[in-house]
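Chemist: need coordinates for the below:
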Amino acid sequence: MQLINNAIGGACAPPSIKFDDRLILAGLFAVALWVWGPNVFYGHAHMLIVFGVLALSIMAMDKAIFAFGAFLAAWFAYFYSAFSVGKIVFDETIIQAIDSLIFFMVGLVVYIVVKFGRTENKSYYNAICTISIILSIMGLIQYFYGHQMARATLGNQNFLAAFLAVSTILFFRKKWWMFLPLIIGVLFLTHTSTAIAAICVGVGFYVWGWIGAAVSINFGMVYFMLFKTPDSLIARIEYWTDAFNKVSAHWYTFVFGVGPGVYWQPGNMLHSEYAYLLWNFGIIGLLIVVAYIVRTFLTIKDRMLLSVFVVILIDSIGNHLMHTAATAMPAIIIIALMDRENIGRVEQWL
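Modeler: Numbering: from 1, shown residues only. You can find the predicted model right below:
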């Protein structure tokens, strides 16, 4: 009986990490009192989502993630404040912001579960590699027997390339390396130069460190310039230039952005995570992410995880892999596995 009591007590014992839950007290007031107007019931639910994002940002135990989550929540609170006093109408802008908030919240859930979970890194590596093999076989069949375009189940060759790029370095392990020709071969069949350039830099970093990354950048840039179609490259530069000109037209949009989830152009994408950060969150959001990146390279020692992180960073220059669930999830898992090394470090949290 004592063993059973001990087991039950252990299972019901509070977690070793305690969170500051005073935020919930503020949430009680905000959910009931923040939103006024004809859409008050939607407002109550959306304010609950805002405080859910804030709560998850605290649970992430990371200053940069908390800062970004708080900034996102503040933006959304502003939207609803402006709506309540009649400055803006409940239109597509708020709906886009809601979608962005929910997507970020779900990503935080995945991040927290992985970061504080018990599953070994190897299990996540194996799962990502297995999925990549399946996607590669499907893409190979599509390319030679279907539409002459490798995209598997991801709907676009750029997204398939992003997934394969994130997974490639994870194949540099015993028993998995034999699948590298398949992965790299299909990666080339996608004709996605940004992902291929990212792999060049990531592999260089994994094998030779920063010197290898610096040398590999040259090979990556050569491939990018040779095989990136001029029209596509010119179009993306025009997109980024237009977004920068618009967001920098006023100091407040340059500092705070135009708002979370707000489209640059309906039906058109900026094809760059960094351009999106500046467009949606201004220089504040961009600097928060830069601070996280710098801290990661200063504190994380796992070469394999850091190399995959390099691939994610490079591919994000010309792709929006964090805006697509299928490619965002493995990237979030890699980031969470890296941050496992920082659990318990005082300097990481407030």
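
Chemist: okay, CA-based contacts and neighbour counts for the rest of this
Modeler: Will do.

Chemist: Ser136: neighbouring residues, count only.
Modeler: 24 (other CA atoms under 10 Å).

Chemist: kindly report the same for Ala165.
Modeler: Neighbour number of Ala165 under other CA under 10 Å is 28.

Chemist: which helix or strand contains it?
Modeler: In the assignment (DSSP states H and E), Ala165 maps to helix 157-168.

Chemist: per-residue pLDDT of Ala26, please?
Modeler: pLDDT recorded at Ala26 is 74.

Chemist: give me the neighbour count for the residue lying closest to Phe256 once chain neighbours are set aside.
Modeler: The spatially closest residue to Phe256, leaving aside those adjacent along the chain, is Gly282, at 4.4 Å (CA to CA, 6 or more residues apart in numbering). Gly282 has 24 neighbouring residues, counting by other CA under 10 Å.

Chemist: ok, the one 5 residues further on next?
Modeler: Per other CA under 10 Å, the neighbour tally for Leu287 reads 16.

Chemist: roughly how far does Val215 sit from Met304?
Modeler: 18 Å (CA to CA, to the nearest Å).

Chemist: which of those two has more neighbours?
Modeler: Using other CA under 10 Å as the criterion, Val215 and Met304 rank with Met304 on top: 20 against 15.

Chemist: could you pull up the residues touching the more buried one?
Modeler: Contact partners of Met304, counting by CA atoms under 8 Å, 6 or more residues apart in numbering, are Ile169, Leu170, Tyr206.

Chemist: same check on Ala152?
Modeler: Ala152 neighbours (CA under 8 Å, 6+ apart): Leu135, Ser136, Met138, Gly139, Gln142, Leu160.

Chemist: how near is the first one to Asp62?
Modeler: When you say that, I think you mean Leu135. Applying CA to CA to Leu135 and Asp62 gives a distance of 33 Å.

Chemist: again with Gln265
Modeler: Relative to Asp62, and taking CA to CA, Gln265 is found at 33 Å.

Chemist: sorry, back to before: just want to know which of Leu135 and Asp62 has more residues nearby.
Modeler: Between Leu135 and Asp62, counted using other CA under 10 Å, the more crowded position is Leu135 (22 against 19).

Chemist: just give me the longest helix of this protein.
Modeler: helix 193-227 (DSSP state H).

Chemist: picking that back up, name the residues that touch the helix holding Ala165?
Modeler: With CA under 8 Å, 6+ apart, helix 157-168 has contacts from 125, 128-129, 132, 135, 149-152, 154, 180, 183-184, 187, 190-192, 195-196, 198-199, 308, 311-312, 315, 319, 321, 324, 326-327, 330-331.

Chemist: show me just the buried residues among these.
Modeler: Buried subset of the contacts of helix 157-168 (neighbour count, 16 or more other CA atoms under 10 Å): 125, 128-129, 132, 135, 149-152, 154, 180, 183-184, 187, 190-192, 195-196, 198-199, 308, 311-312, 315, 319, 321, 326-327, 330-331.
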